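Asks: give the three-dimensional model of this entry:
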Amino acid sequence: MSFPGTAELAQLGAFQVSVLVVAAAVTAAVGVAAIGSHLLFAHAGENQAGRGHRRSFSFWDIRATWQLWLSHLAQLAATDRDLVAASTLAAIIESSDEAIISKSPDGTITTWNGGARHMYGYTADQAIGQPVFMLVPAERVDELRTAMARVTRGERVDTFETQRVRKDGSTIDVSLTISPIRNGRGTVVGVSATARDITKLRLAAIERESLQERLNQSQRLDSLGQLASGIAHDFNNLLGTILIYAALVARETAGSEVVSSDAAQIQAAAEHGARLTRQLLLFARREPAYAEELEVNAVVSDMRSMLEPTLGERLQFVVRLAAGLPTIRANRGQMEQVVVNLVINARDAMPNGGTLTVVTDLIVLDDCAHDLGVSPGLFVELRVSDTGTGIDPGLVGRIFEPFFTTKLRGAGTGLGLSTIYGIVTGLGGSVTVSSQWGVGTTLRVVLPVVDPVVPSRTECRDTPVRSVAEVLRA
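Replies: Reported below is the predicted structural model:
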């Protein structure tokens, strides 16, 4: 049975009052009849005094009858109070937002409140008599069987977090409390379960963890950037001195081919070191650069002819550029470096061949895109994906650190992705990575357009990133 509602409680109260009034009237009639019978017997006794049939009637007989009547009234009042208390408790359970149900020891649902109807989507008529396991994901059935077995044995089961399945097939996270139902002799005759939907709380906790992780990563990279900036400036000064003296040596020994060749090697090495320091400064966002309005598609198209010969025959190079993208504000040389580093990094992840895909798109980021670390608005997206080996999950959080590389020793400087990070974040954008071990990796760059459009505030969804086409369809 389901728990009574408010209207039922009102009817139940009126019924009890009626019973009480009728019972009182009947009892009073019985009392009057008793008194009348006593008086009748007393009168008959006076008429038959000579025959030995005298019947006495006293005040104590009336008092005893009156006390019996009051006792009946007290019992009826106590019963009525118990019924009202039970009905009030049932109303509280019925109106609770938490799903409160009871079931027999074998798991058959016996009661079902309004909170359960709202949480799971089944009405009381649909749920009562059904096995409670219809609410449990297949991988959680053994968990519930174990908990119910413990409760029916009289053991205590602490509140725990688990998952349940709604009528529409969706899964929700719940905090579940399971308790025994005992009869008057203390025997466990059923099991009650109280569930609270914590899906939103769980998602909020995940979001907080993601934001905290991103904050920690940003602070770590900022600290490394400050360190790299200081080292790069000092190293740049040393390289400048080396280049000056190498040029002097080359000029003074112009007649000696051997010495001039050595001086040229010194100059080449120093210039290579200077390029590395510029990359460090880009990561630290200390290298000034002239910004202009650029079309990302134009940069990718121009770099494509240069990059294709470096990929090899075993790689399939796929480029999909969205038409009509708005411009961004950036330094062209830096954007070319971003494209080159992304493509070369993807190429190196596929030594045995595969597919390298470059995609551009126009997207809208709303207030829910916390993990990207950018303000809401309109962005140009550049995605570079590979079908390579993927990145070890334990190393994903470090790939933007300078001098960190997943490549073999000597195969890379470890500055490619850190340079991308410095350039993109310096432009007000974001770069993120998603990777699955043995499947591949996608690096995603989002950059604000020159005339950003701030979207209206909406309720956060599972996917805070939408293409412009999706926004127009909405």
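
Asks: OK, contacts around residue 434?
Replies: 441-442, 444 (CB atoms under 8 Å, 6 or more residues apart in numbering). All C-beta spots, glycine's among them, are computed from the backbone N, C-alpha and C.

Asks: okay, the residues you listed in TSV with neighbour count next?
Replies: Converted to TSV, these look like this (neighbours: other CB atoms under 10 Å):
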residue	neighbour count
441	24
442	16
444	18
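
Asks: residue ranges in the stretch 101-250 of the chain under the pLDDT threshold?
Replies: 210-233 (pLDDT under 70).

Asks: could you pull out the helices for it?
Replies: Secondary structure of the stretch 101-250 of the chain (DSSP state H, counting those that start in this stretch): helices at 114-120, 124-127, 141-152, 199-252.

Asks: the following helix or strand past the last one - contacts with which helices or strands?
Replies: What that stands for is helix 199-252. Where DSSP states H and E defines the elements, the next helix or strand beyond helix 199-252 is helix 257-283. With contacts defined as 3 or more CB pairs under 8 Å, 6 or more residues apart in numbering; DSSP states H and E, helix 257-283 has these neighbours: helix 199-252, helix 416-426.

Asks: just the C-alpha atoms of the last one, please, in CSV.
Replies: Once side chains and other backbone atoms are set aside, the C-alpha atoms of helix 416-426 remain, and they are given as CSV (Å, rounded to 0.1, in the frame of the first residue of the first chain):
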residue,chain,number,x,y,z
GLY,A,416,57.4,22.4,-28.3
LEU,A,417,54.2,22.2,-26.2
SER,A,418,55.4,24.6,-23.6
THR,A,419,55.9,27.2,-26.3
ILE,A,420,52.4,26.6,-27.6
TYR,A,421,51.1,27.0,-24.1
GLY,A,422,52.9,30.3,-23.7
ILE,A,423,51.7,31.7,-27.0
VAL,A,424,48.1,30.6,-26.8
THR,A,425,47.5,31.7,-23.2
GLY,A,426,49.3,35.0,-23.9
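
Asks: between the very next helix or strand once past it and helix 416-426, how many degrees?
Replies: Sequence order places strand 430-436 as the next helix or strand after helix 416-426, per DSSP H and E. Angle of strand 430-436 versus helix 416-426, following axes from the mean of the first three to the mean of the last three CA atoms, to 10 degrees, is 140 degrees.

Asks: other residues contacting the following helix or strand past strand 430-436?
Replies: Downstream of strand 430-436, the next assigned helix or strand under DSSP H and E is strand 440-448. Strand 440-448 has contacts (CB under 8 Å, 6+ apart) with 296, 328, 330, 338, 342, 345-346, 349, 354, 363, 365, 372, 374, 377-388, 390-391, 417, 420, 424, 427-435.

Asks: parallel or antiparallel, list what pairs with strand 440-448.
Replies: Strand pairing for strand 440-448, determined by DSSP bridges: strand 377-386 (antiparallel), strand 430-436 (antiparallel).

Asks: any idea of the mean pLDDT in stretch 423-442?
Replies: In this model, stretch 423-442 has an average pLDDT of 87.

Asks: in that stretch, what counts as buried?
Replies: By neighbour count on 16 or more other CB atoms under 10 Å, the buried set for stretch 423-442 is 423-432, 435, 440-442.

Asks: that stretch: end-to-end distance?
Replies: Taking CA to CA, to the nearest Å, the first and last residues of stretch 423-442 lie 18 Å apart.

Asks: and the protein, split by domain according to the record?
Replies: 6-94, 97-197, 218-283, 292-473 (automatic domain parsing).

Asks: which residues sit against stretch 310-326?
Replies: 295-297, 300-301, 304, 307-308, 343-344, 347, 350, 352-362, 378, 380, 449-451.

Asks: what's the first-to-last distance across that stretch?
Replies: 29 Å.

Asks: please shift the residue numbers so they start at 44 in all later answers.
Replies: I'll keep to 44 as the first residue from here, and by that count the last item is stretch 353-369.

Asks: quick one: low-confidence residue ranges for the stretch 344-493 of the chain.
Replies: Short version for the stretch 344-493 of the chain, where the test is pLDDT under 70: 410-416, 445-458.

Asks: for it, what spans make up the strands?
Replies: In the stretch 344-493 of the chain, the strands defined using DSSP state E, counting those that start in this stretch lie at 358-363, 371-373, 397-408, 420-429, 473-479, 483-491.

Asks: ok, now which ones touch the closest residue in space to residue 174 that isn't next to it in sequence?
Replies: Setting aside the residues directly before and after it, residue 174 is nearest to residue 150 in space (CB to CB, 6 or more residues apart in numbering), at 5.2 Å. Going by CB under 8 Å, 6+ apart, residue 150 touches 174-176, 191.

Asks: cool, residue 395 as well?
Replies: Residue 395 touches residue 357, counting by CB under 8 Å, 6+ apart.

Asks: separation between it and residue 361?
Replies: 18 Å (CB to CB, to the nearest Å).

Asks: cool, residue 312 as well?
Replies: Residue 312 sits 38 Å away from residue 361, going by CB to CB.

Asks: tell me which of those two has more neighbours.
Replies: residue 312 (14 against 11; other CB atoms under 10 Å).

Asks: ok, residue 206 touching residue 217?
Replies: Yes. Between residue 206 and residue 217 there is a contact at 6.9 Å, judged by CB atoms under 8 Å.

Asks: of those two, who's got more company?
Replies: residue 217 (24 against 17).

Asks: and that one, what does it touch?
Replies: 142, 162, 204-207, 238-241.

Asks: tell me the bridge partners for it.
Replies: As for beta bridges, residue 217 partners with residue 205, residue 240 under DSSP bridges.

Asks: where's it relative to residue 303, distance?
Replies: For residue 217 relative to residue 303 (CB to CB), the value is 79 Å.

Asks: same question, residue 204
Replies: 75 Å.

Asks: of the two, who's got more company?
Replies: Neighbour count, other CB under 10 Å: between residue 204 and residue 303, residue 303 has more, with 16 against 12.

Asks: pretty sure that one is touching residue 294, no?
Replies: No. In this structure, residue 303 is not within contact of residue 294 by CB under 8 Å, at 9.2 Å.
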